[in-house]
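**Q** turn this into a structure:
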Amino acid sequence: MAVRTYKIAGKNISPVNLIYFLVFTILGALAVWYCIKSINDFDEFIMHLKSVNYFYIGLSLVFSFTAFIIRALRWNILINTLGYKPSAYDTYNAVIIGYMANLAVPRIGELTRCATLYKTDRIPVNSLFGTVVTERIIDMLSLFVITFLAFFVRMDLFSTFVNDRIITTWKPAFENLSLVAVTVIALAIILMMAAAYISFKRLLKRPSMRKFKTMLTGLSDGLKSVFKMREKFHFIGYTIAIWTCYMLSTYFIIIALPATSTLTAADGLLLLVLGSLGWIVPVPGGFGTFHTLVAWGLMLYGISFDTGLMFATISHETQLLIMVFFGLIALISVSLTKNKSKCP
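**A** This next block holds a predicted model:
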């Protein structure tokens with residue numbers, strides 16, 4: 001029986017993914033509504049925007065764009081281990097198009113960039129997706145390291161943020177739960193995980209799952225690429241360079257605003273972590289979640305929510321500007337590129 005799908009942003013989306021998309025779109029809309037509702041004076045908000053030093057904003061854009069180029073170079077190292085040799089230009093186009101796709105449908109960019117590189121270089125999507133998953137794992141580990149550094153250098157503010165925005169917010173809800181309720185919830189989670197595992201095992205035995213098994217094989221090959229790559233030091237160097245670009249991009253926006261110009265690079269590290277967490281939440285384009293987390297972070301320094309929101313808006317929208325502008329150029333370039341037939 002065929003599963004009905006819906007077309008969003010040119011992609012066929014299953015009902016489950018459609019629900020996922022709608023839930024997090026609503027979450028993002030609520031976060032945006034919260035930000036707008038919390039602005040006390042729109043005139044002052046606009047006035048602060050006019051006081052921004054746009055030279056530093058330009059430098060921030062340069063480092064944001066550089067990060068995309070480095071990401072393409074790093075991804076090529078993983079792809080090369082599979083026996084394929086796409087050009088850095090083709091890989092860059094796929095990366096920037098993937099980021100632009102994520103603005104419409106969260107997490108669809110990972111598949112989009114694989115499909116883009118398949119179009120230009122005929123590299124199997126299954127294997128490419130494995131390398132993308134590997135990249136995401138590396139990025140999560142890198143963010144964990146950056147978060148640890150932020151906690152270490154700004155332990156006082158980081159602890160305050162966690163206490164005020166997480167522990168204090170959720171503590172009342174958990175305090176009201178009885179031991180019986182906690183036990184029931186825990187058992188329900190265990191039963192759901194067991195049922196999902198059993199169902200998954202049964203599904204794999206069906207003949208119709210051959211295509212899925214092929215995808216898993218390609219995914220496995222892609223994940224193994226990290227252990228096969230010869231340029232490990234280059235890969236590590238590119239990873240450090242990517243996060244350095246993010247840090248510099250954030251810092252130049254800090255010094256571009258008079259209200260935040262006294263903050264240090266260590267403070268920028270904390271804002272980078274909060275902003276990254278805002279992007280990770282699967283709402284379209286990180287709208288609302290990014291703005292809220294960064295504005296909350298700046299409130300730790302005695303900066304008003306309005307000013308913090310202005311900082312977050314500039315930081316977020318400049319990123320969007322880069323993604324959309326260069327993403328559209330990449331789309332045009334790919335559409336004009338003839339398919340290549342490359343075999344390992």
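**Q** what about the strands in this protein?
**A** In the chain, strands defined by DSSP state E lie at 6-8, 11-13, listed in chain order.
**Q** what is the mean pLDDT for the last one?
**A** This means strand 11-13. Averaged across strand 11-13, pLDDT comes to 53.
**Q** for the first one, same thing?
**A** Along strand 6-8, the predicted local confidence has a mean pLDDT of 50.
**Q** what does stretch 289-301 give?
**A** 85.
**Q** same check, this time on stretch 128-135
**A** 85.
**Q** in it, what's buried?
**A** Leu128, Phe129, Gly130, Thr131, Val132, Thr134, Glu135 (16 or more other C-beta atoms under 10 Å). (Glycine included, C-beta is placed from N, CA and C.)
**Q** residues in contact with the last one?
**A** What that stands for is Glu135. Arg71, Arg74, Trp75, Leu78 (C-beta atoms under 8 Å, 6 or more residues apart in numbering).
**Q** how close does it sit to Ser51?
**A** Distance, Glu135 to Ser51, by C-beta to C-beta, to the nearest Å: 38 Å.
**Q** one more: Ala196?
**A** Counting by C-beta to C-beta, the gap from Ala196 to Ser51 is 53 Å.
**Q** go on, Ile322?
**A** Taken as C-beta to C-beta, the span from Ile322 to Ser51 is 23 Å.
**Q** and those two? Which one has more around it.
**A** Ile322 (21 against 11; other C-beta atoms under 10 Å).
**Q** so what's that one closest to, chain neighbours aside?
**A** Ser64 (5.1 Å; C-beta to C-beta, 6 or more residues apart in numbering).
**Q** pLDDT score for that neighbour?
**A** pLDDT, Ser64: 93.
**Q** shaky segments in the chain?
**A** By pLDDT under 70, the weakly predicted segments of the chain are 1-49, 158, 161-182, 197, 199-228, 282, 284, 338-344.
**Q** now with 80, please.
**A** Residue ranges of the chain with pLDDT under 80: 1-51, 103-107, 152-186, 188, 192-230, 281-288, 337-344.
**Q** all helices for it, in order.
**A** 15-38, 42-50, 54-80, 88-102, 109-121, 125-153, 155-162, 168-175, 179-204, 210-228, 232-256, 265-280, 289-299, 305-335 (DSSP state H).
**Q** so the residue nearest to Ile322 versus Met247, what's the distance?
**A** 11 Å.
**Q** what does Leu300 give?
**A** For Leu300, the distance to Met247 - C-beta to C-beta - is 19 Å.
**Q** how about Ala195?
**A** In terms of C-beta to C-beta, Ala195 sits 44 Å off from Met247.
**Q** for Met100, same thing?
**A** 23 Å.
**Q** for those two, work out which one has more neighbours and name it.
**A** Legend: neighbour count by other C-beta under 10 Å for Met100 and Met247, higher for Met100 (24 against 17).
**Q** apart from its chain neighbours, what residue comes closest to that one?
**A** Gly327 is the one closest to Met100 (C-beta to C-beta, 6+ apart), at 3.1 Å.
**Q** quick check: that neighbour touching Tyr99?
**A** Yes - counting by C-beta atoms under 8 Å, Tyr99 is a contact partner of Gly327 at 6.7 Å.
**Q** picking up where we left off before, how many neighbours does the residue nearest to Met100 have?
**A** Neighbours around Gly327, by other C-beta under 10 Å: 22.
**Q** got the contact list for it?
**A** Ile96, Ile97, Tyr99, Met100.
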